[in-house]
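>>> Build me a model:
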Amino acid sequence: MRQVVLISGRICTGKSGLGRRLKDEFGYRVIRTSETLAQVARERGLATDRMSLQALGDVMDNETNHRWVLDTVERHLSSLPKTAPVVVDNIRTARQLEHFRRNHNWIIVHAHLYAPKLELERRFHKKNTERGATETYSDADLLKNESDITSFMNDADVRINTGRSDGRDTLVRVAARLGLYSPPDVRCVDVLVGGQYGSEGKGHVAAYLARDYDVLLRVGGPNAGHTVSSASGVYTYHQLPSGARDSHAKLLLGPGMTLRVDRLLDEIAECGVTRERLFIDPQAMIIEPEDVEREKELVAKIASTGQGGGAAAARRILNRKPGAVRLARDIPELRPFVGTAPLYRGSTTRQLEFAYREGQSILLEGTQGSGLSLYHGSYPYVTSRDTNVAGCLAEAGISPSRVRRILMVVRPTPIRVSNPDGDGTSGGLKHEVTFEEVAKSAELDPTEVKNLEKTSTTKRDRRVGWSSGNNFGKPVRLMHRRI
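Model prediction:
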């Protein structure tokens, strides 16, 4: 059945704002009683100022036994799809409401907004000052009868004191009552992470699976490169979700990401990603040239990729004052993907909530490997974030209750980037061997294997070891042949 939302309340309680937000956020059709009154006033040759329309409303109540609002809604609905929900932004008498309650063809939800009189008068005075009007609050208020207010309070399905809630708060409470948010236990998110030190093949797996998902979400930063071989060729994704070129899914870059703007724009162009598909969260952190400069010492000491992600994350923590850092919302070149003002089109939480409501499937793609976690890896030979499942969910803003399954990618020959020149090291690696030994065990060309084993981002050589598990000779052979 069609859902019809009725909003009642004194002037300046936020009725129009609530109607507008239901329209913008959830696609409700708004029926404004003031527009109906203005149209009738023009047809009758009457004035269309607020006071004149208020007087006309009283006349129409008498002429129609307070039924004219219901008649207006019925006329509008005749031209709308049968299930399209609508919101009526102003019911002003109990008898108008009674006509709707007697209609059993629709699901009626009544929201009543109220606030302390002094607060309403303050809001009204502020609006009057801005538009240069002189009318008083008592003259402008459409609800003159206290018995109507009492009836609204008693009848309402949801009552909200907007003196203690802003417009966004009001929307959330009404939307929850309307069932517009999906249940918190709807599990539609699959999380893909690496189980070792990165380069386990996550990119290949993510790209292979991408065609089965409605939404692809990536966290992390440009220090992780995911190389994919597909029908469209070999491509290394640094900031876009793997498989972006070979799927039609919506693409989300989460609020915990660190972004290199110039390289991201190149990647968007190379992958042919359009504005309609890509949504960049306004809170994503921008990597500046000084961040890259600050990480040069880490490149020499622990073989960091030196892409500036860690330094940018540190700045985000240390420089918490207005204007000290740039986020995605501050970059003009990213505005087509972010939006221009709250609530931003790129907001990951908004896009995820839409996906939950629509029952869409989501693939959250982590970066690097669990062994490089800032908190759980072998410090200091770690990356600048938590690379485990919990860290990925936190960066994306996804509740664990949404997770359907976790996919962990491992390889029988775990790798780390080669040690830096000098006395530095990239970290420990159990059962370390050479690629020549691996190639011999897998019956492959040692030179070919050695040449293939380079990191995606810095093109550095890799170190390799045997897994701590059983003999993986056969899987090693299959893995290298597939790559």
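>>> Spatially, which residue comes closest to the one residue sitting closest to the centre of the chain, not counting chain neighbours?
Closest residue to the average C-alpha location of the chain: Thr348 at 1.3 Å, with CA atoms, centre = their mean. Once flanking residues are discounted, Thr348 sits nearest to Asp281: 4.4 Å by CB to CB, 6 or more residues apart in numbering. For glycine as for every other residue, the C-beta is placed from the backbone atoms N, C-alpha and C.
>>> for Arg67, same thing?
Going by CB to CB, 6+ apart, Arg67 has His99 as its nearest residue, at 5.2 Å.
>>> and the one you found, which of the three is it?
Under DSSP: H, G, I helix; E, B strand; the rest coil, the three-state class of His99 is helix.
>>> what about the nearest residue to Tyr356 once chain neighbours are set aside, how many neighbours?
Counting by CB to CB, 6+ apart, Tyr356 lies nearest to Ser182, which is 3.9 Å off, once chain neighbours are set aside. Using other CB atoms under 10 Å, Ser182 is surrounded by 17 other residues.
>>> Return the per-residue confidence for Ser182.
At Ser182, the pLDDT value in this model is 86.
>>> Next, find the distance separating Lys126 from Glu119.
Applying CB to CB, to the nearest Å, the value for Lys126 to Glu119 is 11 Å.
>>> which of those two has more neighbours?
More neighbours surround Glu119 than the other of Lys126 and Glu119, with 15 against 10 (other CB under 10 Å).
>>> Give me the distance between the more buried one and Ser370.
Counting by CB to CB, the separation of Glu119 from Ser370 is 52 Å.
>>> just Tyr213 next, same as before
Distance, Tyr213 to Ser370, using CB to CB: 22 Å.
>>> so who does the nearest residue to Ser399 once chain neighbours are set aside touch?
Sequence neighbours aside, Pro184 is the residue nearest to Ser399 in space, at 6.6 Å (criterion: CB to CB, 6+ apart). Taking CB atoms under 8 Å, 6 or more residues apart in numbering, we find Pro184 in contact with 399, 401-402.
>>> Ranking by neighbours, what's the top pick from these?
Highest neighbour count within the contacts of Pro184: Arg402, with 21 neighbours (other CB under 10 Å).
>>> Name the nearest residue to it, sequence neighbours excluded.
Closest residue in space to Arg402, ignoring its immediate chain neighbours: Val189 at 4.6 Å, by CB to CB, 6+ apart.
>>> For that neighbour, give me its contacts.
So Val189 contacts 362-364, 398, 402-404 (CB under 8 Å, 6+ apart).
>>> likewise Val409?
192-195, 200-202, 205.
>>> what do you get if the cut-off is 7 Å, keeping everything else the same?
When contacts are counted by CB atoms under 7 Å, 6 or more residues apart in numbering, Val409 is found next to 192, 194-195, 200-202, 205.
>>> same thing with Leu171?
18, 21, 25.
>>> Asp445 now?
Shown in contact with Asp445 (CB under 7 Å, 6+ apart): Ala439.
>>> Phi, psi for Pro380 please.
Dihedral angles phi and psi of Pro380 (degrees, to the nearest 10) take the values phi -90, psi 10.
>>> Give me the distance between it and Ile91.
Distance from Pro380 to Ile91, by CB to CB: 64 Å.
>>> In space, what's closest to Ala224 - neighbours in sequence excluded?
Per CB to CB, 6+ apart, closest to Ala224 is Thr367, 3.6 Å.
>>> and that neighbour, what helix or strand is that in?
Following DSSP states H and E, there is no helix or strand that holds Thr367.
>>> got a pLDDT number for it?
85.
>>> rewinding a little: can you get me a residue count around the residue nearest to Thr348?
Look at Asp281: counted by other CB under 10 Å, it has 28 neighbours.
>>> hang on, Gly309 packs against Thr387?
No. The criterion here is CB atoms under 7 Å, and Gly309 misses it with Thr387 at 12.0 Å.
>>> How much space separates the closest residue to His248 other than its chain neighbours from Gln196?
Here the nearest residue to His248 in space, its sequence neighbours aside, is Arg277; by CB to CB, 6+ apart that works out to 7.6 Å. Using CB to CB, Arg277 is found at 31 Å from Gln196.
>>> Leu118 now?
Distance from Leu118 to Gln196, counting by CB to CB: 63 Å.
>>> Please say which of those two ends up with more neighbours.
Counted by other CB under 10 Å, Leu118 and Gln196 do not tie: Gln196 has more neighbours, with 22 against 9.
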